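S.K.: Got a sequence here, can you model it:
(chains A, B, C, D, E and F)
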There are 4 protein chains.
Amino acid sequence: MGKKEDNKKKKREALLTSAYLLFTEKGIQRTTISDIVKHASIAKGTFYLYFKDKYEIRDKLIAIRGARIIEKSCLALLDEEEMSFEDAIIFLADRVIDLFEQNKASLSFISKNLSVALFNRSNTEEEKNRCVELFNKIIERSGKTFRDENIMFYMVIELVNSTCYDCIINKAPVSMEMMRPELYKAIKSLLVQFESE
Amino acid sequence: MGKKEDNKKKKREALLTSAYLLFTEKGIQRTTISDIVKHASIAKGTFYLYFKDKYEIRDKLIAIRGARIIEKSCLALLDEEEMSFEDAIIFLADRVIDLFEQNKASLSFISKNLSVALFNRSNTEEEKNRCVELFNKIIERSGKTFRDENIMFYMVIELVNSTCYDCIINKAPVSMEMMRPELYKAIKSLLVQFESE
Amino acid sequence: MGKKEDNKKKKREALLTSAYLLFTEKGIQRTTISDIVKHASIAKGTFYLYFKDKYEIRDKLIAIRGARIIEKSCLALLDEEEMSFEDAIIFLADRVIDLFEQNKASLSFISKNLSVALFNRSNTEEEKNRCVELFNKIIERSGKTFRDENIMFYMVIELVNSTCYDCIINKAPVSMEMMRPELYKAIKSLLVQFESE
Amino acid sequence: MGKKEDNKKKKREALLTSAYLLFTEKGIQRTTISDIVKHASIAKGTFYLYFKDKYEIRDKLIAIRGARIIEKSCLALLDEEEMSFEDAIIFLADRVIDLFEQNKASLSFISKNLSVALFNRSNTEEEKNRCVELFNKIIERSGKTFRDENIMFYMVIELVNSTCYDCIINKAPVSMEMMRPELYKAIKSLLVQFESE
DNA sequence: TATGAATGAGGGTTCATTCAT
DNA sequence: CATGAATGAACCCTCATTCAT
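M.R.: Below you'll find the model as predicted:
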């Protein structure tokens, strides 16, 4: 019967949601498993039926939340009129930066690990696949071909994520405002670099 | 009397050395203050005369060890014959990657925080200054001028550090071997971008 | 229907076998009911249909395994040619010591509780009876009569079991090798003591 | 300064006393470290400065309390008029049985481990030595010599301890009352056995 | 300044037991 | 009868921090 299965999924979901809320609110260090299960209205022992420890749930959440950010941005792009590939990627970067600026706690939580959502081996789930599909669709629309799309996307993501983290959270080396135009130029020069002649 | 001063410096040094050893050996989480003071042959209470907590000593160490990596690379470069600016930066990147590959524990410890060695506000010490001076010397030698050297260096460092961490530690998205040529092309395209016309 | 009965017996047997294996392998403390049912491929709740708790199954196992050791030794004796009563008991002791030396985990598990196999009130099962019968047969064969056979057997068993446990497991006060001749002399003097005039 | 040292000894003593009280009152399984420290008015963490775990304190206590029983009995003997060696040992056994009958909780706690007080390697402390000295004094007074005094004492202790435990706690195979005369005869026959001609 | 024994809150984790299926 | 997910009390133990010396 699916009832049990359903219940299990719900429990898992509740743990993930509660953990994310607490992690972004109080930080990972100061969030205890007790906090998480209390917030999720689940027994403490039950936590261990779903996750090995606090760090497993954190890693899973980084992947999920990172993927969500990328997905949202891609979907926003697909709603837009067609534009050049460079502009499309800049548009994406712009969306990601906006989302992070609107949700600094999320950025603080994801830290510089946005790319694990796409490239980490342990993350074999659908989130990853959905993002990869969206990226492929964007490339397709551009009609261009690239030397190594994975590495290209990886570098762009790293550059965007790093600058967001440092400029928004640490406010160093400069503010995000000041960084933004430089970042866009940098991304453009990177993309050109990856086009196959 | 300078002897007391000396002794204090030695104690501080011992704590830093021991902490670094243990952090790289067992990880930060699993290293306790007890471990650190035991290894440094110092009393537990004394720790608190020098550092607020484990995370203060960690942050200090990331800055010190990061700066050391950059410094070493810069000094190696200054030993070389003159070369073009692009080649000089590639040479630097190459040195940094080599150092990290030779010392994965150090990379694991520094994680994606290499740039704090140079750009973090809280890091007001000499390490930072030495690195900045070295960078300035390199630029000087090139005879070129750049739109914003800080941001340029920041981006290159982030790109090198990120790819090292992901490719060497996580082996994703590709191996460091495969990443290296792509990284160099990317760095070159970035640098050109920053030259003032 | 006997099939259900059979199945129940098999389950019980499986639990006993698994528990014994784990108890001797990892110790009683470190063996959990979860471990036992997992090893027996039985559901957790089912355990409680057969035993009250871990200690009930442990006590049952000590009785069973203790009885098995004594039985084996007695049967070995009955295979031998006739010999004097003293020699017969020494032969038995010898067999028991050998069995324990070959299976230290079993000795460690039974500890100093070998006699419960025969004399514990709660142990009302067939194992006990089989051993008692074998002892009676041995006495019968000897043609002798004794003041109190039960106490005599009890003392011999205690002496053999204690020395085995201390000398084989703890290696104190001396090795089993050194203890053996002394033990045999002691047993002989005990037996003489119990003969009715 | 001895003040700190003194305090440490007192703490250790308090832990031992409290643990013994609770072990004999509620059993080892049902006594928690929390119980012990609470009863001793000591902080939980402090327990671990003195003992590794509950089982270390238990083992230490078995040795201490076992030694105390033997010591008391020996001292009672030395108060008596001279008597034959056999009678002296019977007197000792008698005292031990009496002490155990008066304090069944203590017997239950020591279980069949009385001899570890004297023969366990890990127990290197003064308790052991005091008992050994007392035994030597008794032998000296008897003017006799024995083949192996250690093994002799060990066997007598084991026999007394085993019968006490089984007859007093388990009331099997017979009551202590019924066992006592048989035990004395057995001890006597054992002792004769060990005399060197 | 330096010490390290003492603290005790609260961390993670276990596991016997229950009970709806 | 059998199941096994869920429970949650209770466990052990850690360890940052204090403070009398």
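
S.K.: Can you report how many residues neighbour residue A:193?
M.R.: By the measure other Cβ atoms under 10 Å in any protein chain shown, the count of residues near residue A:193 is 19. Using the backbone N, CA and C atoms, a C-beta is placed for each residue, glycine as well.

S.K.: err, residue A:117, not the other one
M.R.: For residue A:117, the count of nearby residues is 23 (other Cβ under 10 Å).

S.K.: Tell me how many other residues crowd residue A:106.
M.R.: Residue A:106 has 17 neighbouring residues, counting by other Cβ under 10 Å.

S.K.: What of residue A:146?
M.R.: 17.

S.K.: And for the closest residue to it other than its chain neighbours, the neighbour number?
M.R.: Residue nearest to residue A:146 in three dimensions, not counting chain neighbours: residue A:194, with 4.7 Å by Cβ to Cβ, 6 or more residues apart in numbering or on different chains. Close neighbours of residue A:194, defined as other Cβ under 10 Å, add up to 21.

S.K.: same thing with residue A:57?
M.R.: 24.

S.K.: Sticking with it, tell me its helix or strand.
M.R.: Assigned by DSSP states H and E, residue A:57 belongs to helix A:54-79.

S.K.: Quick one: distance of stretch A:180-191 to the chain centre.
M.R.: Counting by Cα atoms, centre = their mean, to the nearest Å, stretch A:180-191 is centred 20 Å from the centre of its parent chain.

S.K.: averaged over its residues, what pLDDT does that stretch have?
M.R.: Model confidence over stretch A:180-191 averages 96 on the pLDDT scale.

S.K.: returning to what we had before: list the helices and strands the helix holding residue A:57 packs on?
M.R.: When contacts are defined as 3 or more Cβ pairs under 8 Å, 6 or more residues apart in numbering or on different chains; DSSP states H and E, helix A:54-79 packs onto helix A:2-26, helix A:33-40, helix A:85-102, helix A:104-110, helix A:116-119, helix A:126-142.

S.K.: does chain B sit close to the second one?
M.R.: So that's helix A:33-40. No. Applying Cβ under 8 Å from any Cβ of the partner chain, one finds that helix A:33-40 is not in contact with chain B, the shortest distance being 14.9 Å.

S.K.: name the helices or strands packed onto that helix?
M.R.: Under the contact criterion of 3+ Cβ pairs under 8 Å, 6+ apart, helix A:33-40 touches helix A:2-26, helix A:44-50, helix A:54-79.

S.K.: what's in contact with the first one?
M.R.: In this structure, residues lying in contact with helix A:2-26 by Cβ atoms under 8 Å, 6 or more residues apart in numbering or on different chains are A:31, A:35-37, A:39-42, A:46-47, A:50-51, A:57-58, A:60-61, A:64-65, A:105-106, A:108-109.

S.K.: 10 Å - rerun?
M.R.: Under the contact criterion Cβ atoms under 10 Å, 6 or more residues apart in numbering or on different chains, helix A:2-26 has outside partners A:28-33, A:35-43, A:46-47, A:49-51, A:54, A:57-58, A:60-62, A:64-65, A:103-110.

S.K.: Identify the spatial nearest neighbour of the most centrally placed residue in chain A, chain neighbours not counted.
M.R.: Among the residues of chain A, residue A:66 comes closest to the average C-alpha position under Cα atoms, centre = their mean, at 1.5 Å. In space, residue A:66 comes closest to residue A:117 once its chain neighbours are excluded; the distance is 3.2 Å by Cβ to Cβ, 6+ apart.

S.K.: Go ahead and confirm that neighbour touches residue A:70.
M.R.: Yes. Proximity of residue A:117 to residue A:70 meets the contact threshold set by Cβ atoms under 10 Å, at 6.4 Å.

S.K.: anything in stretch A:27-36 near DNA strand F?
M.R.: No. Among the residues of stretch A:27-36, none lie within reach of DNA strand F under Cβ under 7 Å from any atom of the strand; the closest is 8.0 Å away.

S.K.: So which residues make contact with that stretch?
M.R.: Outside of stretch A:27-36, the residues that reach it under the criterion Cβ under 10 Å, 6+ apart are A:14-26, A:38-39, A:42, A:44, A:47-48, A:51, A:53-55, A:57-58, A:61, A:105, A:108-109, A:111, B:29, B:55.

S.K.: cool, stretch A:54-64 as well?
M.R.: So stretch A:54-64 is in contact with A:12, A:15-20, A:23-24, A:28-29, A:31-33, A:35-36, A:47, A:50-51, A:109-111, A:113-114, A:116-118, A:120, A:122-125, A:127-128, B:29, going by Cβ under 10 Å, 6+ apart.

S.K.: can you list the domains in chain A?
M.R.: Chain A breaks down into these structural domains: A:1-51, A:55-194 (assignment by automatic domain parsing).
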